[in-house]
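In: curious how this folds, go ahead:
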Amino acid sequence: MQRIDIRELPISDWGDIETSHGNFEETTQRIKRALKEVAFAERYLFIGGDHTITIPIISFFSEKIRKYVHLDAHADFEDSYLGSKYTHGSVLRRVGEIIGWEKIVLVGLRSVSKNAMRELEEYGVEYYTSLEIREDPRILEQKLQSADYISLDIDVIDPPYAPEVANPEPLGLEPLQLIKALINVRPKIVDVVEVVPKDHTSITAILAATIIREVLIAMTK
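Out: You can find the predicted model right below:
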């Protein structure tokens, strides 16, 4: 889409981190050890996995983050979920505790509990629903332009385009709209998470790979 061959870009793949399933603390330590090895880089793109990978990453880079944009169908703002403080349902809550509520923006919201909605507003978190983005696409572009860190849960996209996610929600963003906004930004850090493909032909996986390619090109301009 950007008329650039990704194979010619000055980027490199630093491999995978093996998670310790069910042990968030151990996985966090593994992620932070790996980040120390690549701390010299100017920009980063991380691929999940569960959305909780964002928590150790944001913790490691917290001093560099002035604005964090959370693209998600859900608020991810429960204080705890299923008895744990470290789940995909509480990611944004933990991020806000690390960097401050005034630095976070939630975009694409369309599913939230009554309690989380009340607390989003009590904490003063800036948020925009997917319907608001559809009515005024400039919101998406403006918020992404300001971001140092963009966390992209693939379920922010409408399920007809990305059905293989953990918690699909109708009335999401359209892929072209999102990609057009992303190719005009240069954040320091991006993560793409919550893709749950059944096989290599998954339209969700293919879309996620396309987004990743376009973001990598944009980040190296």
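
In: where along the protein do the strands fall?
Out: 44-47, 68-71, 104-109, 126-129, 149-153, 189-193 (DSSP state E).

In: residue contacts, Tyr86?
Out: Phe24, Thr52, Ile55, Arg94 (C-beta atoms under 8 Å, 6 or more residues apart in numbering). Just so you know, the C-beta spots here come from the backbone N, C-alpha and C atoms, and that holds for glycine as well.

In: between these, which is nearest Thr220?
Out: Comparing the contacts of Tyr86 against Thr220 with C-beta to C-beta places Ile55 closest, at 26.5 Å.

In: give the contact list for the residue sitting nearest the centre point of the chain.
Out: For the chain, the residue nearest the mean C-alpha position is Ser151 (1.9 Å; C-alpha atoms, centre = their mean). With contacts defined as C-beta under 8 Å, 6+ apart, Ser151 is in contact with His51, Thr54, Tyr68, Val69, His70, Leu71, Asp72, Val91, Val95, Val190, Asp191, Val193.

In: want to throw these into JSON lines with neighbour count, distance to Val112 and pLDDT?
Out: Listed next are those as JSON lines, based on neighbours: other C-beta atoms under 10 Å; distance: C-beta to C-beta, whole Å; pLDDT from 0 to 100:
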{"residue": "His51", "neighbour count": "26", "distance to Val112": "15", "pLDDT": "96"}
{"residue": "Thr54", "neighbour count": "26", "distance to Val112": "18", "pLDDT": "98"}
{"residue": "Tyr68", "neighbour count": "26", "distance to Val112": "18", "pLDDT": "98"}
{"residue": "Val69", "neighbour count": "26", "distance to Val112": "17", "pLDDT": "98"}
{"residue": "His70", "neighbour count": "29", "distance to Val112": "13", "pLDDT": "98"}
{"residue": "Leu71", "neighbour count": "29", "distance to Val112": "15", "pLDDT": "98"}
{"residue": "Asp72", "neighbour count": "30", "distance to Val112": "10", "pLDDT": "98"}
{"residue": "Val91", "neighbour count": "28", "distance to Val112": "13", "pLDDT": "97"}
{"residue": "Val95", "neighbour count": "26", "distance to Val112": "16", "pLDDT": "98"}
{"residue": "Val190", "neighbour count": "24", "distance to Val112": "24", "pLDDT": "98"}
{"residue": "Asp191", "neighbour count": "20", "distance to Val112": "21", "pLDDT": "98"}
{"residue": "Val193", "neighbour count": "25", "distance to Val112": "18", "pLDDT": "98"}
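
In: Ala147: which of these is nearest?
Out: Val69 (4.2 Å).

In: wait, that closest one touches Val156, no?
Out: No - counting by C-beta atoms under 8 Å, Val69 sits too far from Val156 to count as a contact (10.7 Å).

In: give me the common contacts of those two.
Out: Residues touching both Val69 and Val156 by C-beta under 8 Å, 6+ apart: Val107.
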